[in-house]
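>>> Got a predicted model here, sequence first, then my questions.
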Amino acid sequence: MNNIVLRKPFPHLFFIAVALVFPFVYPSEYAKHVFALIFIKIILCMSLRQMLLTGLLNLSIVSFMAIGAYFTAVLGTTIGMSFWIVMPLSGLTCSLIGLFFAFPVLRLKGAYFFIGTICFAVCVQTFFSNFYVETFGGVPGFTPIDVPHIKLPGFELDFMSHLSYYYLTFIIMLLSIVIFYRLENSRFGQYWKAISFADRLIETVGVDLLKSKILNFTISCFFAGIAGSLFAPLIGIITPHDFDLLFMFFLVMFVVVGGTDSFWGPITGVIAISILAELLRDFGQYETIGYGFILVLALIFMPRGICGLMERFISSKKEAIKSPN
């Protein structure tokens, strides 16, 4: 699939072009806001899938998004630091925290790792809810949050409009996708994939298993922090409830429905489910139940997700063309 991407970049360039002109073709402020959120979710889901390359489901990704969001809110609004400095610092802070968390948790396997990441997620949510309330806002949340701005001699731009923030999140999402793609097709990416199949066997060829997992984990945490840094100014108010386990469930659903085996699975899943969410919004409390059914049906009828279904359809068409009789 990745070789096809390299040889035939036209479809992806086409979608990039569509995304660039979309705000002018459909000038809805709400649509720009929704797609800015979609771009942020794509960064998160790509982070989640990168950890899945090692065969581990990291449910603490949403916690590192929360850390990045609160870090941006406090440093950007309370202290007054520039967003362009705070955003990379948020990613680096999340990587550092992830590094300390990785040493104990990555020694766990299977369900134990899964439970460990859930415990961390609950601890982070509890921390922002009950500790340092004057700084983080507690349960009511932190607001207002300063928006990014660029100030140069003779030029000034505030990212207050939905259009400007749409393009900001889109550009950072594209850069993130390129980095994730390069990582997955690098030597490190091959190690991560090998770990998911035979972690003990890969140690026999001189690969440090723990170091490889830690590198993967800290990179994932970095981009989760970047996503949180983008999320805070877009929403304008952040609360601990924004980063609960239900949100983590949605991220997992995006990746599963899109396809965990394909690099483009998280992107496909986020876009498809987010658009579907707008159609289910009127169902109120039954909306979450609908998502549960969607996930179950996807696991039964599309075990490889939408991308897997598309690959199978394309393969069947090619076979039909090769043997018309």
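Cool, the structure landed.
>>> Count the neighbours of residue 204 for me.
Look at residue 204: counted by other CB atoms under 10 Å, it has 8 neighbours. Using the backbone N, CA and C atoms, a C-beta is placed for each residue, glycine as well.
>>> Ok, residue 81 next?
Neighbours of residue 81 under the rule other CB under 10 Å: 15.
>>> if I look at the closest residue to it other than its chain neighbours, how far off is residue 276?
The shortest distance from residue 81 to any non-neighbouring residue, by CB to CB, 6 or more residues apart in numbering, is to residue 75 (4.6 Å). Separation of residue 75 from residue 276 (CB to CB, to the nearest Å): 36 Å.
>>> So between these two, which is more surrounded?
residue 75 (21 against 14).
>>> quick one: contacts for the more buried one?
81, 86, 89 (CB atoms under 8 Å, 6 or more residues apart in numbering).
>>> Next: residue 231.
Going by CB under 8 Å, 6+ apart, residue 231 touches 37, 40, 65, 68-69, 238, 242.
>>> Same list (those) but as a markdown table, adding distance to residue 46.
A markdown table is the format used below for the contacts of residue 231 (distance: CB to CB, whole Å):
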| residue | distance to residue 46 |
| --- | --- |
| 37 | 15 |
| 40 | 11 |
| 65 | 13 |
| 68 | 15 |
| 69 | 18 |
| 238 | 22 |
| 242 | 20 |
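>>> Below-threshold pLDDT in the stretch 151-300 of the chain: ranges please.
Filtered on pLDDT under 70, the stretch 151-300 of the chain yields the residue ranges 284.
>>> so where do the helices sit in it?
For the stretch 151-300 of the chain, applying DSSP state H, counting those that start in this stretch gives helices covering 162-184, 187-203, 209-235, 245-258, 265-280, 287-301.
>>> quick one, the fourth one and helix 265-280 angle?
Translated: helix 245-258. Orientation check (axes from the mean of the first three to the mean of the last three CA atoms, to 10 degrees): helix 245-258 against helix 265-280 gives 110 degrees.
>>> now helix 245-258 against helix 209-235, angle please.
Using the same axes, to 10 degrees: helix 245-258 against helix 209-235 is 110 degrees.
>>> quick one: buried residues of helix 245-258?
Residues of helix 245-258 classed as buried: 247-258 (neighbour count, 16 or more other CB atoms under 10 Å).
>>> if we take the contacts of residue 75, which one ends up nearest to residue 25?
Comparing the contacts of residue 75 against residue 25 with CB to CB places residue 86 closest, at 33.1 Å.
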